[in-house]
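Novice: Attaching a predicted model along with its sequence, questions to come.
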Amino acid sequence: MQSAAVATTEVTLPRFQYRYVGRMEASGKETVHFTKDDRLYSFTTGDTIDGVYRVDSITPQGVQLTYLPTNQTGPAREDDRRFVSGIIHMLQCGARWRG
């Protein structure tokens, strides 16, 4: 019996153009915040980002997105320690925030 060779193609997802800022829960509704080009964007579960990504879930551990053209899911988070470290540094040294 011959087995058919299955061709698998690994799709490389494009770089996510937004930077994670944080999440907030108010009245039982989770909202996630991203920045892009110095603008702040807020999304909730089910929202579509640029018609390309869908927000599937928002948890304290991360944000789950689906890349709609291929229906692939993946995390949208970066390491929070990097952001928290920057905030702590700014508070300790007394430097002014850009604004």
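Specialist: Perfect, thanks for sending it. What you see is a predicted model, and the numbers here were worked out from it, not measured in a lab.
Novice: Would you state the strands of this structure in chain order?
Specialist: 19-26, 29-36, 39-44, 48-49, 53-59, 62-67, 72-75 (DSSP state E).
Novice: Mean neighbour count, those strands: which tops it?
Specialist: Among these, strand 62-67 has the highest mean neighbour count (mean count of other CB atoms under 10 Å), at a mean of 18. In this view, the C-beta of every residue, glycine as well, is placed from N, C-alpha and C.
Novice: for stretch 32-42, what is the average pLDDT?
Specialist: In this model, stretch 32-42 has a mean pLDDT of 90.
Novice: Stretch 19-26 too?
Specialist: pLDDT averaged over stretch 19-26 gives 87.
Novice: Tell me which helix or strand in the protein has the weakest average pLDDT.
Specialist: Taking mean pLDDT, DSSP states H and E as the measure, the chain has strand 72-75 as its least confident helix or strand, at a mean of 64.
Novice: distance between stretch 39-54 and the chain's centre?
Specialist: Distance of stretch 39-54 from the chain centroid (CA atoms, centre = their mean, to the nearest Å) equals 10 Å.
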